[in-house]
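Asker: Return atomic coordinates for the entry below.
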Amino acid sequence: MLKQLLWLDCCHNNPTTLGLCVTHTKPTFTVGFFLPVKYCMKFQVSTLVDITETGARKGTSDKFSYNQQQNFQTLIQTIGLRANLEYVNPPSVTVKTASQFGKDYKGEQKVWQFEFEVAYEQATSVQALQEDFDLVPFIDNLDETVNFTSSVFRTGDAKQKNIIFKHID
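Answerer: Predicted structure coming up:
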């Protein structure tokens, strides 16, 4: 089947040659018979590392919340090596079985989850995120319920895996 790439006028769904509506600047992207094409990808990060977003800044007297924020910034900046990300909600923490993580982490543990989107479909991937995060240092001894043998993210180690990426939709 032959597919044709078209820009649609965002107000009236009329094909345009320039791809922009007179009243708006963001085009709608479609393929074929006016079926919308999703042009962003959504990911979920699950980790045993405290990545709480506190907003604490350098010079604060609360070193604990500052260190939590530094871990969150490490997460954001490492993702940002390949793509600009957008997120709505800060990381959430729940207690759950850590069976999906490395063998060193057993039973019920605190797990931080964070969802983000990247604007373009090929901007990053689960494999790329795993490669980028492996051995990136973090600050431990915060609100985690596990003891890490080394303070680095591990993405592929069967015993010490402490961060997991998943493409969601």
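Asker: Can you name the element that comes right after whichever strand or helix holds residue 94?
Answerer: Take DSSP states H and E as the rule and residue 94 turns out to sit in strand 92-97. Sequence order places strand 108-118 as the next helix or strand after strand 92-97, per DSSP H and E.
Asker: Mind listing what's buried along the next helix or strand after that following strand?
Answerer: Next along the chain after strand 108-118, taking DSSP H and E as the criterion, comes helix 126-133. In terms of neighbour count (16 or more other CB atoms under 10 Å), helix 126-133 has its buried residues at 128, 129, 130, 132, 133. In this view, the C-beta of every residue, glycine as well, is placed from N, C-alpha and C.
Asker: can you list contacts of the helix or strand that helix 126-133 is followed by?
Answerer: Using DSSP H and E, the helix or strand that follows helix 126-133 in sequence is strand 163-168. Strand 163-168 is contacted by residues 41-49, 100-101, 115, 125-126, 129-130, 133, 153-155 when judged by CB atoms under 8 Å, 6 or more residues apart in numbering.
Asker: What of stretch 131-138?
Answerer: 49, 71, 74, 78-79, 81-82, 151-156, 163, 165.
Asker: Doesn't residue 71 lie inside a helix?
Answerer: Yes: checked against DSSP: H, G, I helix; E, B strand; the rest coil, residue 71 lies within a helix.
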